[in-house]
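Novice: the sequence isn't on hand, but the structure is:
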């Protein structure tokens, strides 16, 4: 009887629409077993229990809870699904058929991020894996691992980047088609060549490779996954997902980009290494996710002070304006007057905090607001704006000016701007906000500089400070506390000693057929008995002394031209020895009887008038 009662409780509690059976001791044991199983599953998936959620809500100190806010809807991670909703499934199928068809992989069927193309290589094991490091509360900390084969490929990639040769990077990618950094770097090169289709394809391949290496507990839907950005191996995940969301956003799949923003932000919400907060508001507005943006601003204000960011200040006010129904974009029965009043108040606060946004935003929207833009408070605001703040404001205007072009929005913006100017003398917030701007925006954070570089907005990318230096596409502006499981090899090359050699010495070295500026420098030189020819070249000192004797001998012969010297050097370098001094048919000195050298005998270079002895005297040309 006890067994039957316990079985009835288990069936009743798990069946749909049933409340279970209220029985005796067997029923209580069944409930305990079910609850214990549910708690174990929740601990693995990172889902908080009801008790812990209530404790968090009742705590006096606000705690940053990202599980509910940054939960990812995996149905919107595949851009093809959004394309089908926008254009229809038939149009998308025809496009895929024209591209050569698609094939589905096992890992992709599980998560559905990327639909691989038929022309792609089989993924298999590419040496890239993900390990679970530790559990911190309800969060799981992961890290990427490179096996020995992948490390060797990474070293080859570093060498190809140092050579500044795109063909070398393509060669590495040809041998290892799913090397993440090679895909990122080559995608950037294709984008610079205006080949965005190939660039997007390379990024999709990188996402496809990363997804195949994800840990089984890496559940993107929970928003509880963490990764350390300071580790070199982990940064490829951040950059790949960020570049993919930008590429998808350019295709008009804004909801997909928003979900990827949540995913990237959930990996490191405390530090936000790629400044996702500067772009997530744009995709929330474009995908009409106004409630999400308002919730983000409310819950993260205590920890990130999102109201101090110009994009969040203006976009949150705009989201409330749309959600209230005043713009006509949301289908509501009546305008929410309370929410509309909050939108007016938030926009007025945004204009007081960041008055330098209004004039360039109006100009970018190609509208005329003479009654507002000519007011001194807005007209002269850009003159007092710090450079770091100006970069962020310009980034926001270039990215989101399209959402402000609607007639209802422009009318609302002008009305609130006029009210702000009229009430400017009643409150003294302008002076307070000016002090806050000067205190907060003293320098541009490194994550904002990374964001500007990755934003793919040419007008903003050119606005980077000059002291940034060279930035690599596969790892722009690495953090100061960067570390890795293996180090990048330090190689001394023959060019490392260029500072101790003069320019002529380096020129003579570069004439060697085996010269490689990236080749490791010899520590002890070549063997003493090595030949002077290619493949058996002696030490650098022997080679230079031999070349010096050739040039000195040619200089001592008053009739030798530059072409003669170069011909003799070429013959010596290629192991042919000193060419025999055969007299020309016209005379012993090689002249044509009129005191001129025959240019045809010099290969037609027209340099017979310049004699080596004119600029290479023996007493001024010596090698140490």
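Specialist: Structure's in. What do you need? Here the structure is a predicted model, which means the values were calculated and not measured.
Novice: burial count for residue 71?
Specialist: Look at residue 71: counted by other C-beta atoms under 10 Å, it has 18 neighbours. Just so you know, the C-beta spots here come from the backbone N, C-alpha and C atoms, and that holds for glycine as well.
Novice: which strand or helix spans it?
Specialist: Assigned by DSSP states H and E, residue 71 belongs to neither a helix nor a strand.
Novice: repeat for the one 10 residues further on
Specialist: Secondary structure assignment for residue 81, by DSSP H and E: helix 79-87.
Novice: list the buried residues of that helix.
Specialist: Buried positions in helix 79-87, judged by neighbour count with 16 or more other C-beta atoms under 10 Å: 79, 80, 81, 82, 83.
Novice: show me what that helix is packed up against.
Specialist: The contact analysis (3 or more C-beta pairs under 8 Å, 6 or more residues apart in numbering; DSSP states H and E) places helix 79-87 against helix 89-98, helix 254-267.
Novice: can I get the buried residues of helix 79-87 in TSV including distance to residue 205 and pLDDT?
Specialist: TSV is the format used below for the buried residues of helix 79-87 (distance: C-beta to C-beta, whole Å; pLDDT from 0 to 100):
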residue	distance to residue 205	pLDDT
79	14	86
80	16	81
81	19	84
82	20	85
83	19	82
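Novice: find me the pLDDT at the closest residue to residue 211 other than its chain neighbours, would you?
Specialist: Distance criterion C-beta to C-beta, 6 or more residues apart in numbering; nearest residue to residue 211, sequence neighbours excluded, is residue 113 at 5.4 Å. If you check residue 113, the pLDDT there is 83.
Novice: likewise the one 10 residues further on?
Specialist: Confidence per residue is given as pLDDT, and for residue 123 that number is 86.
Novice: so what does the residue nearest to it when sequence neighbours are not counted have for phi and psi?
Specialist: For residue 123, ignoring the flanking residues on the chain, the nearest one in space by C-beta to C-beta, 6+ apart is residue 212 at 4.9 Å. When quoted as degrees, to the nearest 10, the phi and psi of residue 212 stand at phi -70, psi -20.
Novice: help me confirm that residue 212 comes into contact with residue 122.
Specialist: No: if you go by C-beta atoms under 8 Å, residue 212 and residue 122 don't touch, sitting 10.5 Å apart.
Novice: most tightly packed of the helices and strands packed on helix 79-87?
Specialist: Across those, averaging neighbours per residue (mean count of other C-beta atoms under 10 Å) puts helix 254-267 on top, at a mean of 25.
Novice: that one to helix 79-87, inter-axis angle?
Specialist: Angle, helix 254-267 to helix 79-87, by axes from the mean of the first three to the mean of the last three C-alpha atoms, to 10 degrees: 150 degrees.
Novice: which residues touch helix 254-267?
Specialist: The contact list for helix 254-267 (C-beta atoms under 8 Å, 6 or more residues apart in numbering) reads 66, 70-74, 76-79, 81-82, 220, 223-227, 229, 237-238, 241-242, 244-246, 248-249, 272, 274, 276-277, 279-280, 283-284, 286-287, 289, 292.
Novice: let's go with 7 Å and repeat that
Specialist: Outside helix 254-267, the residues that touch it by C-beta atoms under 7 Å, 6 or more residues apart in numbering are 66, 70, 72-73, 76-77, 79, 82, 220, 223, 225-227, 238, 241-242, 244-245, 248-249, 272, 274, 276, 279-280, 283-284, 286-287, 289.
Novice: got a PyMOL select line for the buried ones in these?
Specialist: Buried members of the contacts of helix 254-267, defined by 16+ other C-beta under 10 Å, are picked up in PyMOL with:
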select buried, resi 66+70+72+76+77+79+82+220+223+225+226+227+238+241+242+244+245+248+249+272+274+276+279+280+283+284+286+287+289
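Novice: neighbour count winner among residue 212 and residue 122?
Specialist: Comparing residue 212 with residue 122 by other C-beta under 10 Å, the one with more neighbours is residue 212, at 21 against 9.
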